[in-house]
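S.K.: fold the following for me, if possible:
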Amino acid sequence: MNVSAMVKLTISMAIFGSIGFFTINTGIPAVELVFVRCICATLFLSAMWYLTGGHKTEIWNKREVLQTLLCGVFLVLNWVFLFKAFEEMSISIAISIYNLAPIFVLILGTLFLREKMTVSGVLATVICFVGSIFIVGIESFQSIDLFLNSGFVWALLSAICYALTMFTSKTIRNLSPYATTFLQTIVGIVMLLPLCNFEVFVGLSTSNWLYILGTGIIHTGFVYYLFFDSIRNLSTIIVSVLVFVDPVVAILLDTIILDFRPTLLQTFGIVLIFAGIIFTVFKPNENPTNNVVNEENVS
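M.R.: Got it, this is the predicted structure:
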């Protein structure tokens, strides 16, 4: 057991668990925040890629590069939708729905890779679906307006794009994590530049800028570095357990600092969602997409 790698992964997941708290304190919308995040990640990880000498031994493959660029589109949309969800709903609720991604990976594998959907997979999907209804609130599904304004759609789209990110990166083997992330964040810069309203950066406080740079440099650059530096030295089962530090920290911060108080039904919904996810992740013999879920589970 590599204790150093475990510590690095735990720290990276704990830091990422605070991204919701940072996001709502930046004072800028989701698109502009993700744009800054892509710039910071590109600069930070490119520097690490260069300093570690990885750029000298990089193996470039045209198919993998194109696949990575497509993966980058899903990754950037995943970030935008997640941050928009934070604008509309509690961090705890958004993160819980966002972590439905492993379930969607299982469904994608069934639809496109002809992987057999097992009884346990169907059960986990149903459990998570019911949990989602409880966590958002049954009343939010009583009218289209309430449903659209609940933030549920943004959170669900973020989970789907997260799953597509994991799914499309499944067969990338030769490109290093640094090269992969570099290409993905470059895609984000190109995608979001035309959509950015740079006027939102005018009049921001020093505190806003600290949160913005923290989201870009710490939550993206530093966290990705720790994550990539640790998972190669850990077993899949250890990674599976430690990635749950992320939502736990997010929910604790939301409860302690932002005074989020879930109702009984919302609490039950959170429990159902994570029960379904854990049930999916820890069924390696029945779930062929297990390795994808575990090894790519970082945002």
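
S.K.: just for the stretch 1-150 of the chain, where's the confidence low?
M.R.: For the stretch 1-150 of the chain, the stretches with pLDDT under 70 are 1, 117, 136-148.

S.K.: which residues of it fall in helices?
M.R.: Along the stretch 1-150 of the chain, counting by DSSP state H, counting those that start in this stretch, helices occupy 3-16, 19-23, 30-51, 62-88, 91-98, 101-112, 119-136, 144-149.

S.K.: and for residue 216, nearest residue in space, chain neighbours not counted?
M.R.: residue 40 (2.8 Å; C-beta to C-beta, 6 or more residues apart in numbering). For glycine as for every other residue, the C-beta is placed from the backbone atoms N, C-alpha and C.

S.K.: coming back round to it: export the helices of the stretch 1-150 of the chain as CSV, with columns for distance to residue 170 and mean neighbour count.
M.R.: Formatted as CSV, the helices of the stretch 1-150 of the chain follow (distance: least, C-beta to C-beta, whole Å; neighbours: other C-beta atoms under 10 Å):
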stretch, distance to residue 170, mean neighbour count
helix 3-16, 21, 18
helix 19-23, 25, 23
helix 30-51, 21, 20
helix 62-88, 9, 21
helix 91-98, 20, 27
helix 101-112, 9, 21
helix 119-136, 17, 19
helix 144-149, 32, 12
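
S.K.: nearest to residue 179, of those helices?
M.R.: Judged by C-beta to C-beta, the one of the helices of the stretch 1-150 of the chain that comes nearest to residue 179 is helix 30-51, at 7.0 Å.

S.K.: tell me which strands and helices that closest one is in contact with?
M.R.: helix 62-88, helix 177-192, helix 206-213, helix 223-231 (3 or more C-beta pairs under 8 Å, 6 or more residues apart in numbering; DSSP states H and E).

S.K.: which neighbouring elements make contact with the second one?
M.R.: Packing partners of helix 177-192 (3+ C-beta pairs under 8 Å, 6+ apart): helix 30-51, helix 62-88, helix 223-231.

S.K.: alright, I will stop here.
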